[in-house]
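Enquirer: Quick one, fold the following:
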Amino acid sequence: MIDYNELQKLLNYEFIDAGLLRQALTHRSYGKPNNERLEFLGDGILDYVIALNLYQIYPDLSEGELSKMRANLVNQDGLVEIADQLDLGRYLFLGDGELKSGGRSRPSILADTLEALFAAITLDSGFEKSRKVIERLFYYPIREQQNTRTKDYKTQLQEFIQAKRYRLPHYKIVSMTGPEHDMIFRIECEIEELNLHAYGEGKGKKQASQNAAQNMLAMLEENQNND
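Expert: Okay, here's the model as predicted:
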């Protein structure tokens, strides 16, 4: 029998109905009941809570800026970073095929499961409980948005590449080092037409990708200055 105590401690929430928790952690490959419907509900709950927090914390920002911030937070990379902090992969109920193909670390599965968890908490104890869980997990990412919104290197690089009519940069994980709860990712950013490769490291794929894009931008600037 799986011990959920550590997960519930990290969530700072203890389920009344353990069946809801199990369902949230059950992928469709395992059978029914699974977390597909919960993921649908959790997606809407998460969107609302993040939007509400951004609206309240950043009163001077436009609708477009708030939308961009929310997109930076509520995406697969952002959700997987939170899921990794919770070590969510170890608790998943997966079918044999998914288990053999690395389902415990598959980004789409982790992101969907996290959203399903938020829905399960809402059904277990109400919206206010899930709101508090989400706000605590996203406390630092939400507040880091103000510091990074003018430094979105991936966006800057994409705009530069599109202006030159090159194909978009390709990102891939080169290595992952360290313990599972504190893993350092190394990511390569490649611009194929220019035969350029830049690398970045960070605690999470999102941060490592941003650092790789920043290094690529510096490389492109240096090449321009040398022309």
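
Enquirer: what's the weakest-modelled helix or strand in the chain?
Expert: helix 139-148 (a mean of 78; mean pLDDT, DSSP states H and E).

Enquirer: buried ones in it?
Expert: P141, I142, Q145 (16 or more other CB atoms under 10 Å). Every residue, glycine included, has its C-beta placed from N, CA and C.

Enquirer: In contact with the second one: list those residues for me.
Expert: Read that as I142. By CB atoms under 8 Å, 6 or more residues apart in numbering, I142 lies in contact with I50, N53, L54, I57, L73.

Enquirer: I'd like to know how far it sits from L11.
Expert: Counting by CB to CB, to the nearest Å, the gap from I142 to L11 is 17 Å.

Enquirer: what domains does the record give for this structure?
Expert: For the chain, automatic domain parsing gives the domain ranges 5-148, 153-226.

Enquirer: Out of those domains, point me to the one whose mean pLDDT is lowest.
Expert: When these are ranked by mean pLDDT, domain 153-226 comes last with a mean of 87.

Enquirer: so what's the residue most central in space within the chain up against?
Expert: Centroid-nearest residue in the chain, with CA atoms, centre = their mean: G78, separated by 1.9 Å. Shown in contact with G78 (CB under 8 Å, 6+ apart): N72, P141, K206.

Enquirer: Would you map the strands across the chain?
Expert: Along the chain, counting by DSSP state E, strands occupy 170-177, 184-191, 196-202.

Enquirer: would you list those in JSON lines and tack on mean neighbour count and distance to S125?
Expert: Compiled in JSON lines, the strands of the chain are given as follows (neighbours: other CB atoms under 10 Å; distance: least, CB to CB, whole Å):
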{"stretch": "strand 170-177", "mean neighbour count": "12", "distance to S125": "35"}
{"stretch": "strand 184-191", "mean neighbour count": "20", "distance to S125": "34"}
{"stretch": "strand 196-202", "mean neighbour count": "17", "distance to S125": "34"}
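
Enquirer: Which one, of the ones you listed, ends up nearest to S67?
Expert: strand 170-177 (23.1 Å; CB to CB).

Enquirer: re earlier: would you mind giving the strands of the chain as CSV with distance to L123 added?
Expert: What follows is the strands of the chain, written out as CSV (distance: least, CB to CB, whole Å):
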stretch, distance to L123
strand 170-177, 34
strand 184-191, 34
strand 196-202, 35
